[in-house]
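Undergrad: heads up, no residue letters with this:
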């Protein structure tokens, strides 16, 4: 968290609530978004000041309530049901555990059992109401001037705050987000052996045998991309002409560059922005449920946490009636296979292997993409019935659904066809045939599929890739930076690409409004430092840098009136090495929507980076 801000994130039904707790805060005042069972607006004018009540004070309140109601050891005061994204109903119970009992003066004392009540583990609706009213009444006596506050607790299972509104007799538990805790293999030799077998045999020996041509080409591309990534900056007079910084780049000329110099192609598409996990996963789940032919997923990380298991259950059910295929990257699977569990599910034993989990009791077809020469398939692609595609930054895991800020786009229309072809090619390559299966499919399998027809209201979009020695995403954005005249907005979690950074400084010197959003807390610790390094460089050269208050995994950029979003980070891995897919568009309405629904709200809630900070020298080398 940044400074003293506390943020709440809301689940689909506003019953699963997550809480971001700052490590330190200077005062006891925070802002809290209003809870609304129907809809929640994340705007500044919907926020209200809330006091924090310490655990000690809240413990006294609970103990007084226990004494008043004659409860001996423990009391479950909150129990309610909430609906998951897949429509299933789950139950959450908050049980108060008492280590010590205090009297009104704060001294340890045994509760006086004034009533002969049978101790119950669960309260019915009426008893819950009475218990809550008892809490509120005691709070009113002890804090007559406070009407709304967050009560910090320690002894309540899985809950760290209660939101209390004494005016409405309302108490809401706030649940911790899924936490990050890696489970280590008890036998380090077994763990190391599995890793070496997977890395050497499955990712190198076997792929080189079945795909000798691609493996050799990837080795060559790794060497050439290393040279390309250190290419010098070439700034011509063409890019320095910016006598009108309120003008926009010449889109016709830029599109000619993308056609002729990069060899990319435009497609018609209906495109929809899906910001954050609730928006994307709800859309995908509802679309997948209606599938009549196929559901294909190409994923870098596919975990087996509680949310991922809900997606797996959906896919298993769908596999009974449609063709379900899942393609997972080896490196993504190896480094992220053990998930970090939801604390609301007790004693959850997570499946160890995603492939076995997907295949068990289902007709799902699963393949792993080999990462020969450490080249990963970093793309995130969802396809339903070969008619609707989703691409962007989200993997399948709880943090993408509930915790992180991220972006996907849905695509319909002719643009889906090349994405389908890309999936089939990747699927063939990951199978036993490797290169030979890809060649056979290209030469002898001529399946005629019904093309998705364009509609009158569809816009022009362009698919961009990082693939072997083809660096379309990098070259297109480098050119866009050089041509921009008015504005450049970039949001990206991992920014280390030196050439693009230096071009952004040159754009700023030309009078372009350059703004960068980075995550305030990164999931990769090393990027906390490297992002600070790049932020120092930017503010030294007049570029506005903002730190988003939590992990933003968004990969989006606007250059004047041209936008580019997708899976690619602003680092050398995404620009020159890994397989990536982005979509670019220049429809004025959609570009403005991206700015108004993503960039402007994110600028508003982020902290502007005002002063350079010291970064260890080692990170400058990195």
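TA: Noted; the coordinates are in hand. Owing to the predicted nature of the structure, the values given are computational and were not obtained by experimental measurement.

Undergrad: what about the helices in the stretch 251-400 of the chain?
TA: 251-260, 277-289, 306-318, 330-336, 354-359, 398 (DSSP state H, counting those that start in this stretch).

Undergrad: which one of these lies closest to residue 561?
TA: Nearest to residue 561, of all these, is helix 251-260, at 6.5 Å by Cβ to Cβ. C-beta here means a position set from N, CA and C on the backbone, and glycine is covered the same way.

Undergrad: Flag every buried residue along the closest one.
TA: For helix 251-260, burial by neighbour count (16 or more other Cβ atoms under 10 Å) applies to 254-255, 257-258.

Undergrad: on that earlier part again, would you convert the helices of the stretch 251-400 of the chain into a markdown table that also reports distance to residue 515?
TA: Output for the helices of the stretch 251-400 of the chain, formatted as a markdown table (distance: least, Cβ to Cβ, whole Å):
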| stretch | distance to residue 515 |
| --- | --- |
| helix 251-260 | 21 |
| helix 277-289 | 23 |
| helix 306-318 | 32 |
| helix 330-336 | 30 |
| helix 354-359 | 38 |
| helix 398 | 30 |
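
Undergrad: Out of these, indicate the one that is most buried.
TA: Ranked by mean neighbour count under mean count of other Cβ atoms under 10 Å, the helices of the stretch 251-400 of the chain are led by helix 398, which reaches a mean of 23.

Undergrad: helices and strands around that one, which ones?
TA: On a contact count with 3 or more Cβ pairs under 8 Å, 6 or more residues apart in numbering; DSSP states H and E, helix 398 meets helix 306-318.

Undergrad: for the helix or strand in which residue 134 is found, what is the average pLDDT?
TA: Per DSSP states H and E, residue 134 falls inside helix 125-142. Per-region confidence: helix 125-142 scores 69 on mean pLDDT.

Undergrad: Kindly report the same for stretch 481-499.
TA: 95.

Undergrad: Run through the stretch 301-450 of the chain and note the low-pLDDT ranges.
TA: Within the stretch 301-450 of the chain, the ranges that satisfy pLDDT under 70 run 335-349, 373, 435, 440, 444-448.

Undergrad: tell me the strands in it, going along the chain?
TA: Per DSSP state E, counting those that start in this stretch, the stretch 301-450 of the chain carries strands over the ranges 323-329, 365-369, 381-384, 388-392, 407-412.

Undergrad: Including distance to residue 303, could the ones you listed go into JSON lines?
TA: Converted to JSON lines, the strands of the stretch 301-450 of the chain look like this (distance: least, Cβ to Cβ, whole Å):
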{"stretch": "strand 323-329", "distance to residue 303": "10"}
{"stretch": "strand 365-369", "distance to residue 303": "14"}
{"stretch": "strand 381-384", "distance to residue 303": "16"}
{"stretch": "strand 388-392", "distance to residue 303": "17"}
{"stretch": "strand 407-412", "distance to residue 303": "17"}
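
Undergrad: Out of those strands, which gets nearest to residue 273?
TA: Across the strands of the stretch 301-450 of the chain, closest to residue 273 is strand 407-412 (Cβ to Cβ), at 5.9 Å.

Undergrad: how big is the angle separating the closest one from strand 388-392?
TA: For strand 407-412 against strand 388-392, the angle by axes from the mean of the first three to the mean of the last three Cα atoms, to 10 degrees is 160 degrees.

Undergrad: what is the orientation angle of strand 407-412 with helix 277-289?
TA: 30 degrees.

Undergrad: Could you name the helices and strands sitting against strand 407-412?
TA: Looks like strand 407-412 contacts strand 266-275, strand 388-392 (3+ Cβ pairs under 8 Å, 6+ apart).

Undergrad: Give me the next element, helix or strand, following the last one.
TA: Secondary structure here is assigned by DSSP H and E; on that basis, the next helix or strand after strand 388-392 toward the C-terminus is helix 398.

Undergrad: now for the helices of the stretch 251-400 of the chain, which one comes closest to residue 501?
TA: Among those, the nearest to residue 501 by Cβ to Cβ is helix 251-260 (21.3 Å).

Undergrad: Rounded mean pLDDT for the closest one, please.
TA: 96.

Undergrad: Show me the contact partners of that helix.
TA: Here helix 251-260 makes contact (Cβ atoms under 8 Å, 6 or more residues apart in numbering) with 264-266, 462, 476, 479-480, 483, 561-562, 584, 586.

Undergrad: picking that back up, so which of the helices of the stretch 251-400 of the chain gets nearest residue 437?
TA: The closest of the helices of the stretch 251-400 of the chain to residue 437 is helix 330-336. By Cβ to Cβ, the value is 17.8 Å.

Undergrad: can you pull the pLDDT of the closest residue to residue 574 other than its chain neighbours?
TA: Distances taken as Cβ to Cβ, 6 or more residues apart in numbering put residue 568 closest to residue 574, at 4.1 Å, once the chain neighbours are dropped. pLDDT for residue 568: 97.

Undergrad: What separation do you get for residue 568 and residue 473?
TA: 5 Å (Cβ to Cβ, to the nearest Å).

Undergrad: what sits in contact with each of these two?
TA: With Cβ under 8 Å, 6+ apart as the test, residue 568 and residue 473 both reach 466, 574-575, 580, 582.

Undergrad: Which strand residues bridge residue 408?
TA: Note on residue 408: beta-bridge partners residue 274, residue 392, judged by DSSP bridges.

Undergrad: What strands line up against whatever helix or strand residue 558 lives in, and which way round?
TA: Here residue 558, judged by DSSP H and E, is contained in strand 556-559. Using DSSP bridges, strand 556-559 pairs in its sheet with strand 487-491 (antiparallel), strand 562-566 (antiparallel).

Undergrad: what are the phi and psi angles of residue 262?
TA: phi -100, psi -20 (degrees, to the nearest 10).

Undergrad: wait, what's in contact with it?
TA: Contact partners of residue 262, counting by Cβ under 8 Å, 6+ apart, are 464, 472, 475-476.

Undergrad: Please flag which of these sit within helices.
TA: 472, 475-476 (DSSP state H).

Undergrad: just the buried members of those?
TA: Restricting the ones in helices among the contacts of residue 262 to buried positions leaves 472, 475-476, with burial counted as 16+ other Cβ under 10 Å.

Undergrad: Dump those residues to a markdown table, plus pLDDT and distance to residue 611.
TA: Listed next are those as a markdown table, based on pLDDT from 0 to 100; distance: Cβ to Cβ, whole Å:
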| residue | pLDDT | distance to residue 611 |
| --- | --- | --- |
| 472 | 96 | 37 |
| 475 | 96 | 34 |
| 476 | 97 | 34 |
